[in-house]
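In: let me see the structure of the following:
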Amino acid sequence: MAREGMWNHKTTAAYLGISEQSLYWLNHRGTGPRRYRVGRYCRYRPSEVDAWLNERCTPAAPAR
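Out: Reported below is the predicted structural model:
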């Protein structure tokens, strides 16, 4: 695996276009992107966030 940086909670929420509280809720429910504990902080791998997002994306309905 190529070396990549890890995102904090705030950066991940901003990337996903959701509030930090929404990301906390997804994590609480166990349905959010995979996270890692680094000390007392949660970190996310960008590639895993993208994979999680791609699994849940559905094509938008065509405009009428």
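
In: so Lys10, which of the three states?
Out: When classified by DSSP: H, G, I helix; E, B strand; the rest coil, Lys10 comes out as helix.

In: can you count the residues close to Gly5?
Out: The number of residues packed near Gly5 is 8, by other Cβ atoms under 10 Å. The way it works is simple: take the backbone N, C-alpha and C, and place the C-beta from them, glycine included.

In: on the three-state scheme, it is what?
Out: Quick answer, by three-state DSSP: Gly5 is coil.

In: for the one 10 residues further on, same thing?
Out: Using three-state DSSP, the three-state assignment for Tyr15 comes out as helix.

In: give the contact list for it.
Out: Tyr15 sits next to 7, 46, 49 when contact means Cβ atoms under 8 Å, 6 or more residues apart in numbering.

In: mind putting those residues into TSV with neighbour count and distance to Arg40?
Out: Shown next, in TSV, are those (neighbours: other Cβ atoms under 10 Å; distance: Cβ to Cβ, whole Å):
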residue	neighbour count	distance to Arg40
Trp7	20	16
Pro46	15	21
Val49	19	21
